[in-house]
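Visitor: What follows is a protein structure lacking sequence information:
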Ligand code: ADP
Ligand code: MG
């Protein structure tokens with residue numbers, strides 16, 4: 001009966017090891033000695049890998065790197081007093097890096113506390129400054145819950161170091177196994193998403209950026225957000241800059257990586273999205289002269305206390321990077337396009353020998369910079385006199401000349417919505433003669449800029465449109481494609497890059513009918529800022 005009872009006993013060392021194992025901790029680094037040797041032995045017995053090191057500091061660095069690499073904290077096991085003090089450097093480093101780590105320190109016997117015990121030192125207090133959590137279990141029975149809390153704290157919220165103090169008298173003390181309740185392995189960190197209104201705001205700030213830049217920090221690496229960040233970078237064609245340990249989240253040889261021009265990238269950006277990177281010395285605190293004084297920061301971080309450090313962010317996105325990039329991505333996909341997106345997709349499909357006719361303000365100016373011409377006399381636009389309304393006439397002439405000289409050659413007519421209105425009824429002429437013309441109406445609901453439908457409706461609450469509507473506004477969401485449909489041609493209404501690609505492909509393929517693609521873009525979309533050596537003396541009034 002006695003031996004039966006003995007089998008039912010368990011040492012403090014074994015409880016520590018089993019509690020760690022239950023929390024799915026798989027690596028232990030350290031140096032053994034009084035009083036922790038038994039803990040290392042018990043850990044090994046349970047299949048936790050034990051790596052004996054030569055200095056506690058290096059052991060602690062190793063344990064924290066395992067945490068960063070696997071997302072599960074490693075343990076650093078140290079003896080009392082000097083052993084623990086040697087580990088403080090590693091704890092501080094882990095905590096500063098926001099890497100999860102568990103330090104387990106043996107400490108002197110509780111009964112000799114304050115008496116000058118062997119290697120006596122106020123370890124829990126000492127660790128507090130270098131950790132998120134620092135505690136000593138009040139009894140052996142309390143060990144599992146304290147270890148669960150330490151592991152959980154190390155990976156929940158902003159990751160960091162946690163300390164658990166195990167007094168020497170706990171290590172070999174035997175207690176009845178039935179008195180120990182192991183706490184189930186903590187759940188993976190709950191994933192938090194940013195507030196959706198903040199995500200909308202961020203998307204709009206990015207969309208209107210002239211020189212956006214994404215900074216990818218080691219927080220993004222830890223978050224394993226590589227897949228989503230790469231999608232965001234590629235879909236939105238954003239340049240990115242990795243911090244030293246953010247390198248490789250997206251490969252350095254990616255065409256959008258501006259690592260080679262770091263200083264310039266920081267200096268000229270007007271909008272910077274921070275993915276898991278703090279505006280500390282590494283990023284020059286986010287302040288001039290390394291940055292534009294009015295640069296807008298969008299901070300994405302899991303730690304609320306980080307948001308607003310050193311700069312006042314334009315938008316704060318509190319949440320897990322992986323989840324937030326997904327939110328941002330989902331939102332971005334449904335976003336109105338801007339001029340650059342539209343012209344990029346048009347350019348991709350434009351036949352090299354086509355005529356490009358164009359008129360409008362931003363549409364013509366921006367279109368000229370993106371759409372390529374390969375042949376002389378194949379671009380016709382608002383010209384010397386900056387005339388609006390020439391486009392459809394020019395397109396008709398081009399189509400007739402092409403028909404005689406080079407059958408099959410196509411005419412692309414890129415019109416702003418306002419410009420299209422000046423001679424839109426010539427669509428009937430185009431249809432009457434069945435000319436191979438593709439009309440692209442880049443529709444921003446106005447001249448220079450317009451309003452979206454909601455803003456337009458809101459505005460009308462304040463009075464009659466003739467009084468309250470800005471003169472630049474045209475009726476939002478106008479279906480100009482119906483003008484073409486009215487005369488038997490093909491009309492498309494497109495809002496996304498995919499729809500644009502598809503309708504343009506169809507229009508180019510089917511030469512039996514003229515078509516009109518009405519391309520909705522962000523009503524407030526603008527051209528990129530111009531950099532002048534001197535302030536311009538004249539502004540273009542209506543360059544088309
Ligand atoms: P770097 O040195 O690469 O600039 P920092 O260590 O300064 O990176 O910043 C990392 C940031 O990432 C920290 O502010 C941290 O709170 C944050 N972080 C860590 N994990 C996540 C996560 N899953 N989601 C969002 N932010 C995170
Ligand atoms: Mg317009």
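Guide: Received it, and whenever you're ready, just let me know what you need. Please read all numbers here as calculations on a predicted model, not as lab measurements. Numbers count the residues shown, from 1 in each chain. Ligands and ions are numbered 1, 2, ... in the order given.
Visitor: Let me see the contact set for the residue in the stretch 1-150 of the chain positioned nearest to ligand 2.
Guide: Nearest residue of the stretch 1-150 of the chain to ligand 2 (Cβ to the ion) works out as residue 98 at 46.8 Å. Where C-beta positions appear, they are placed from N, C-alpha and C, glycine not excepted. Residues counted as contacts of residue 98 (Cβ atoms under 8 Å, 6 or more residues apart in numbering) are 158, 159, 160, 218, 219, 222, 303.
Visitor: Swap in 7 Å and give it another go.
Guide: By Cβ atoms under 7 Å, 6 or more residues apart in numbering, residue 98 lies in contact with 158, 159, 160, 219.
Visitor: neighbours around the residue in the stretch 201-350 of the chain that ligand 2 sits nearest to, how many?
Guide: At 10.1 Å from ligand 2, residue 339 is the closest residue in the stretch 201-350 of the chain, using Cβ to the ion. By other Cβ atoms under 10 Å, the residues close to residue 339 number 24.
Visitor: just residue 305 next, same as before
Guide: Per other Cβ under 10 Å, the neighbour tally for residue 305 reads 9.
Visitor: next one: the one 5 residues further on
Guide: Counted with other Cβ under 10 Å, residues neighbouring residue 310 total 14.
Visitor: Over to residue 461?
Guide: The number of residues near residue 461, taken as other Cβ under 10 Å, comes to 7.
Visitor: Checking my notes, residue 221 in a helix, right?
Guide: Yes - according to DSSP: H, G, I helix; E, B strand; the rest coil, residue 221 belongs to a helix.
Visitor: And for it, nearest residue in space, chain neighbours not counted?
Guide: Using Cβ to Cβ, 6 or more residues apart in numbering and skipping residues adjacent in sequence, the residue nearest residue 221 is residue 249, 5.2 Å away.
Visitor: Can you tell me the SS state at the one you found?
Guide: coil.
Visitor: per-residue pLDDT, it?
Guide: Listed pLDDT for residue 249 reads 97.
Visitor: Report the contact partners of it.
Guide: Residues in contact with residue 249 (Cβ under 7 Å, 6+ apart) are 216, 220, 221, 226, 229, 242.
Visitor: Dump those into CSV; add neighbour count, pLDDT and distance to residue 20 as well.
Guide: What follows is the contacts of residue 249, written out as CSV (neighbours: other Cβ atoms under 10 Å; pLDDT from 0 to 100; distance: Cβ to Cβ, whole Å):
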residue, neighbour count, pLDDT, distance to residue 20
216, 28, 97, 33
220, 28, 97, 29
221, 23, 97, 25
226, 17, 96, 29
229, 27, 96, 33
242, 26, 96, 34
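Visitor: Among those residues, which pair sits farthest apart?
Guide: 226 and 242 (11.2 Å; Cβ to Cβ).
Visitor: ok and the residue in the stretch 51-200 of the chain nearest ligand 1?
Guide: residue 158 (3.9 Å; Cβ to the nearest ligand atom).
Visitor: burial count for that residue?
Guide: Neighbour count for residue 158, taken as other Cβ under 10 Å: 17.
Visitor: can you count the residues close to the closest residue to it other than its chain neighbours?
Guide: Of all residues not flanking residue 158 in the chain, residue 303 sits nearest, at 3.9 Å (Cβ to Cβ, 6+ apart). Using other Cβ under 10 Å, residue 303 is surrounded by 16 other residues.
Visitor: again with the one 5 residues further on
Guide: Neighbour count of residue 308, defined by other Cβ under 10 Å: 13.
Visitor: now residue 401
Guide: For residue 401, using other Cβ under 10 Å, the count is 14.
Visitor: So it lies in a helix, does it not?
Guide: Yes - assessed with three-state DSSP, residue 401 lies in a helix.
Visitor: What does the pLDDT read for it?
Guide: Value listed for residue 401 in the pLDDT field: 93.
Visitor: again, but for residue 462
Guide: Looking at residue 462, the pLDDT reads 89.
Visitor: Could you list the contact residues of the stretch 101-250 of the chain toward ligand 1?
Guide: 158, 217, 218, 219, 222, 223, 243, 245, 246 (Cβ under 6 Å from any ligand atom).
Visitor: Which residue does the chain have closest to ligand 1?
Guide: For the chain, Cβ to the nearest ligand atom, closest residue to ligand 1: residue 219, 1.9 Å.
Visitor: ok, that residue - contacts?
Guide: 98, 275, 276, 277, 301, 321.
Visitor: Residue 176 is in contact with residue 8, correct?
Guide: Yes - using Cβ atoms under 7 Å, residue 8 is in contact with residue 176, at 5.7 Å.
Visitor: Can you give me the end-to-end span of stretch 484-503?
Guide: The stretch stretch 484-503 measures 14 Å between its terminal residues, going by Cα to Cα, to the nearest Å.
Visitor: Helices of the stretch 101-250 of the chain, start to end?
Guide: Using DSSP state H, counting those that start in this stretch, the helices of the stretch 101-250 of the chain run over 123-128, 143-155, 168-172, 196-207, 218-222, 226-236.
Visitor: Noted, bye for now.
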